[in-house]
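Visitor: sequence plus predicted model, see below.
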Amino acid sequence: MPQSLLSFTVLGLSFFSSALAAQKQQWDTEDKIHGVNLGGWLVLEPWITPSLFEATGNENIVDEWTFGELQDRDNATAALKAHWDSWITEDDFKQIAKAGLTHVRLPIGYWAFETGPGEPYISGQQPYLLAALDWAAKYGIKVNVDLHGAPGSQNGFDNSGHLMDVPGWAYNDTNVARTVAVLQTMTDLVKDHEAASIIAPLNEILAKSSPDMIMGVAKKYWEDSYDVVSTTAPEKITILHDVFNTSDYWGDYMSEKPYGSVMFDTHIYQVFADEQLKWNFTEHVSHICERSVNVTEMALPTVVGEWTLALTDCAKYLNGRLVGARWDGTYPGSEHLGDCAAWTGSGEDFSSEYKEQLRAFRDAQVTTWLKGQGYFFWTWKAEAAAEWSYQDGLKYGWIPQNPNDFKYGDICDDSSVAASLDLDISISL
Ligand SMILES: *[C@@H]1O[C@H](CO)[C@@H](O)[C@H](O)[C@H]1NC(C)=O
Ligand SMILES: *[C@@H]1O[C@H](CO)[C@@H](O)[C@H](O)[C@H]1NC(C)=O
Ligand SMILES: *[C@@H]1O[C@H](CO)[C@@H](O)[C@H](O)[C@H]1NC(C)=O
Ligand SMILES: *[C@@H]1O[C@H](CO)[C@@H](O)[C@H](O)[C@H]1NC(C)=O
Ligand SMILES: *[C@@H]1O[C@H](CO)[C@@H](O)[C@H](O)[C@H]1NC(C)=O
């Protein structure tokens, strides 16, 4: 077909796609994000710091809400303060910079900014957020300030602050309005800090029940959030989670004017469904490599804001405090796939084959995520689950000291690479 005719017939379309390309271009010229989450610090998670929960001596303390509710308030406050003072310090930022990482994602709950009547959360996190921004600036790290828990809970996960069967955020306008106000407060607090380059208005809204209604609430909240960030701190990027919906669904959402400086965030795990846990290593890797389309096909730049090297759900309390693992059949309704001992705990005890597999799994994921805008590993530290800890990966060698170093850089192009490392993960090591 003559070139001129082609241009003519697709004029409307090419005009449209060049508008998208222009939008995307602004980000393609940015450096890729090599980031890590600072999980379990300003928002507690039982599996990241089991000791904080065990020290309460109360099995009903399963999240940050019950941590404030079910123990002596002075004791709870003292325990939290000691934790905030020690879990992440300036030295962590130094190590993160030394490991060649460019960004951290810092989860914080709404209760750091306000609490309503009857909400037992303990606040006091704001000075730590500000200290983190100063440390980040000192070591040349950028921060994604991530609102991780909203009033009523946006997903019912313990990591929203409040474990609930039916999360209440999206069903209650007051909760949503309070969240917009909290986002305003949070943005005001960090707006003059250059290190705070990205604002995440809310982590992992879940649209499990009444999905159409909740997707509608989520989109309206994203639009209101964009207004808050773009009017208060126009030079900062707003990053929107995909609400666990697909890249096809979001497509070119918010990619055209009046929007700008928006990125998408998707979270990729393979350990929370029986079907995925049954994959052998080769299958785990190929399912990662297939996701490259999902980090490249959206009009806006896409970051994988959470991912892990875990191949099982064996980490203690990962599915909730005192809840078992699907892997070894101790989770309600699950079957025994293997024993847990070899797959979690201290990196010192990991076999050399397992460590090699973790290295290859890291390379498969990082090469794939870098086809998009980059990544934030979940998470920097964990007390007793080295497979989830970037710091342990560096220490025990399955994460390279330079994030652009790939030992298995061709793992997505050649399936024999993963197959040669395939431990039969359904048996115990
Ligand atoms: C508070 O902590 C102290 C010291 O750990 C302990 O002896 C005391 O029993 C705790 N008080 C309550 C009410 O839990
Ligand atoms: C909505 O949430 C607010 C707290 O944000 C609470 O005071 C109010 O009772 C809730 N409304 C309903 C109908 O549950
Ligand atoms: C995506 O959003 C649509 C529209 O609200 C909804 O019908 C669908 O269930 C959602 N899909 C997923 C996977 O959440
Ligand atoms: C990934 O992309 C494929 C191909 O476009 C699509 O079918 C799938 O739904 C996407 N998955 C997610 C989770 O976005
Ligand atoms: C992994 O599973 C796939 C699909 O069941 C199978 O074809 C392949 O042989 C397995 N790989 C190894 C190394 O066991």
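Guide: Thanks, I have it. The model shown is predicted, which means the values in this text are computed figures rather than measured ones. Ligands and ions are numbered 1, 2, ... in the order given.
Visitor: what sits closest to the closest residue to ligand 2 within the stretch 201-350 of the chain if chain neighbours are left out?
Guide: Residue nearest to ligand 2 within the stretch 201-350 of the chain: residue 217 (13.2 Å; Cβ to the nearest ligand atom). (Glycine included, C-beta is placed from N, CA and C.) Distances taken as Cβ to Cβ, 6 or more residues apart in numbering place residue 170 nearest to residue 217, at 4.3 Å, with adjacent residues excluded.
Visitor: please apply the same query to residue 158.
Guide: In space, and not counting its chain neighbours, residue 158 is closest to residue 63: 4.1 Å by Cβ to Cβ, 6+ apart.
Visitor: for the one you found, give its distance to residue 56.
Guide: 12 Å (Cβ to Cβ, to the nearest Å).
Visitor: kindly report the same for residue 133.
Guide: Residue 133 is 31 Å from residue 56, by Cβ to Cβ.
Visitor: quick one, which of those two is more surrounded?
Guide: Shown here are residue 133 and residue 56; by other Cβ atoms under 10 Å, residue 133 has more neighbours (22 against 17).
Visitor: OK, contacts around residue 104?
Guide: 35-38, 93, 96, 132, 136, 141-144, 376, 380 (Cβ atoms under 8 Å, 6 or more residues apart in numbering).
Visitor: try it again at 10 Å.
Guide: Taking Cβ atoms under 10 Å, 6 or more residues apart in numbering, we find residue 104 in contact with 35-38, 88, 92-93, 96-97, 132, 135-136, 141-146, 195, 376, 380.
Visitor: how about it: which residues does it bridge to?
Guide: Judged by DSSP bridges, the bridge partners of residue 104 are residue 36, residue 143.
Visitor: kindly report the same for the one 5 residues further on.
Guide: Partner residues in beta bridges with residue 109, using DSSP bridges, are residue 149.
Visitor: kindly report the residues of the protein close to ligand 3.
Guide: Taking Cβ under 6 Å from any ligand atom as the contact definition, the chain meets ligand 3 at 207, 211, 212, 215, 244, 245, 246, 249.
Visitor: endpoints of stretch 165-175, how far apart?
Guide: Start-to-end span of stretch 165-175 (Cα to Cα, to the nearest Å) is 17 Å.
Visitor: what about that stretch, near ligand 2?
Guide: Yes. Against ligand 2, stretch 165-175 shows contacts by Cβ under 6 Å from any ligand atom at 172, 174, 175.
Visitor: ok, the residue nearest to the spatial centre of the chain - contacts?
Guide: Nearest residue to the geometric centre of the chain (Cα atoms, centre = their mean): residue 306, 3.0 Å. Going by Cβ under 10 Å, 6+ apart, residue 306 touches 37, 39, 105, 203-204, 241, 265-269, 375-379.
Visitor: does residue 152 touch residue 205 like I think?
Guide: No. Counting by Cβ atoms under 10 Å, residue 152 stays clear of residue 205, with 11.3 Å between them.
Visitor: what touches both of these two?
Guide: The contact sets of residue 152 and residue 205 overlap at 160, 167, 169, 170 (Cβ under 10 Å, 6+ apart).
Visitor: adding neighbour count and pLDDT, write the residues you listed out as CSV.
Guide: Formatted as CSV, the shared contacts of residue 152 and residue 205 follow (neighbours: other Cβ atoms under 10 Å; pLDDT from 0 to 100):
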residue, neighbour count, pLDDT
160, 29, 98
167, 23, 96
169, 28, 98
170, 25, 98
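Visitor: please consider this matter closed, and thank you.
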